[in-house]
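Undergrad: Sequence and predicted structure are below.
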Amino acid sequence: MPIERKVHLTYPPHLKDQPLIYELIKKFDVVVNILEANVTPQEGWLLVAVRGEEQFVKEGLEWMSAQGIEVKEWAKG
């Protein structure tokens, strides 16, 4: 069953030039919508909505975390 999760992704400096969103989309067949983003020379963060089959969304976000990206559920407020 398709789901959507909104998450805040924080990239450390050594990963911000890597195409990890592209790899997430290709490896896990999910749709990623970038809602907000900020990138500086020190780090980058994105607020994204990830949509797809529940298993693939979960596995994809776990994969992002394993790459060194901080993945946090987004709670407005």
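TA: That came through, no problem.
Undergrad: From now on I want contacts and neighbour counts done on CA atoms only, so please keep to that.
TA: OK.
Undergrad: which ones are touching the spatially most central residue of the chain?
TA: The residue lying closest to the centre of the chain (CA atoms, centre = their mean) is Leu9, at 5.3 Å. Counting by CA atoms under 8 Å, 6 or more residues apart in numbering, Leu9 makes contact with Trp45, Leu46, Leu47, Val48, Ile69, Glu70, Val71, Lys72.
Undergrad: Tell me the one among those nearest to Val30.
TA: Of all the contacts of Leu9, Val30 sits closest to Val48, with 11.9 Å by CA to CA.
Undergrad: average pLDDT for the lengthiest helix in the chain?
TA: Ranked by residue count and defined by DSSP state H, the top helix of the chain is helix 54-67. The average pLDDT for helix 54-67 rounds to 98.
Undergrad: Mind listing what's buried along that helix?
TA: Buried residues in helix 54-67, defined by neighbour count with 16 or more other CA atoms under 10 Å: Phe56, Val57, Gly60, Leu61, Trp63, Met64, Ser65.
Undergrad: name the helices or strands packed onto it?
TA: Judged by 3 or more CA pairs under 8 Å, 6 or more residues apart in numbering; DSSP states H and E, helix 54-67 is in contact with strand 2-11, helix 20-28, strand 70-73.
Undergrad: and the helix or strand that comes right after the second one, what does it pack onto?
TA: Once helix 20-28 ends, the next helix or strand along the chain (criterion: DSSP states H and E) is strand 31-39. Using 3+ CA pairs under 8 Å, 6+ apart, the elements in contact with strand 31-39 are helix 20-28, strand 44-53.
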